[in-house]
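**Student:** generate coordinates for the sequence data below:
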Amino acid sequence: MLLALSTGRALGLALVAGTFVVFALMSALVIPRRWPGFPGRNLRWFIVATLVLFAATLGAVEVFAKEPKEEAKAGETVKEPGTTTQAAQPPPAPQGDPAAGKAVFEAQGCGACHTFAPAGANGQVGPDLDTALKGKNEAFVRESIVDPNKEIAKGFPPNVMPQDFGQKLSDKQLNDLVAFLLKG
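**Tutor:** Reported below is the predicted structural model:
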């Protein structure tokens, strides 16, 4: 964790935590050898010192290990401190060629399972893509092809759609298929 912090924050956290560790090692290993009755009559002070160092270590973690607040990037608006949300912008256009994507759709036999009017497909095994893809973005469509069990359409069982389209299709074919499915 210390490696992920800035130098000043790491140094502060290491200093406070190191003090507690040194105190614990001294109290457990060194002092009892010299004074076998330790802590004896000083038990209250020992407990107080232990609690103070423990609280200081927890406080140091809260102060020094806290992630810095991110500033909003272009195209984002800050909703709450530390969180951002995308400002209303049209989604980027898919990278592929819809015409080539139609050929991929047909070659892979997608129409045997899915209804999709732009392809003239009437399959009933999988979701109707005319409705299931409304309002969906490129990332969702791509993920649905490459990892079909990640989010399964309501009313359909898992493991029906082939799991290997991510390996069978080239990046270009996948881009073209996604473009076709989104533009229809």
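**Student:** now do the phi/psi pair for Thr115.
**Tutor:** Thr115 adopts backbone torsions of phi -90, psi 130, taken as degrees, to the nearest 10.
**Student:** does it touch Leu133 like I think?
**Tutor:** No - contact criterion CB atoms under 8 Å: Thr115 and Leu133 do not qualify, at 11.2 Å. In this view, the C-beta of every residue, glycine as well, is placed from N, C-alpha and C.
**Student:** who touches both of the two?
**Tutor:** With CB atoms under 8 Å, 6 or more residues apart in numbering applied, the contact sets of Thr115 and Leu133 do not overlap.
**Student:** residues contacting stretch 130-137, please?
**Tutor:** Residues contacting stretch 130-137 (CB under 8 Å, 6+ apart): Pro91, Thr115, Phe116, Ala117, Val141, Ala153, Leu181, Leu182, Gly184.
**Student:** quick one, which of the residues you listed are buried?
**Tutor:** Thr115, Phe116, Val141, Leu181, Leu182 (16 or more other CB atoms under 10 Å).
**Student:** residues touching the first one, list them.
**Tutor:** Shown in contact with Thr115 (CB under 8 Å, 6+ apart): Ala121, Asn122, Gly123, Gln124, Asp128, Leu129, Asp130.
**Student:** now those as CSV including neighbour count?
**Tutor:** Below are those laid out as CSV (neighbours: other CB atoms under 10 Å):
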residue, neighbour count
Ala121, 19
Asn122, 12
Gly123, 17
Gln124, 10
Asp128, 16
Leu129, 26
Asp130, 14
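**Student:** from these, which is closest to Val146?
**Tutor:** Nearest to Val146 among the contacts of Thr115 is Leu129, at 15.8 Å by CB to CB.
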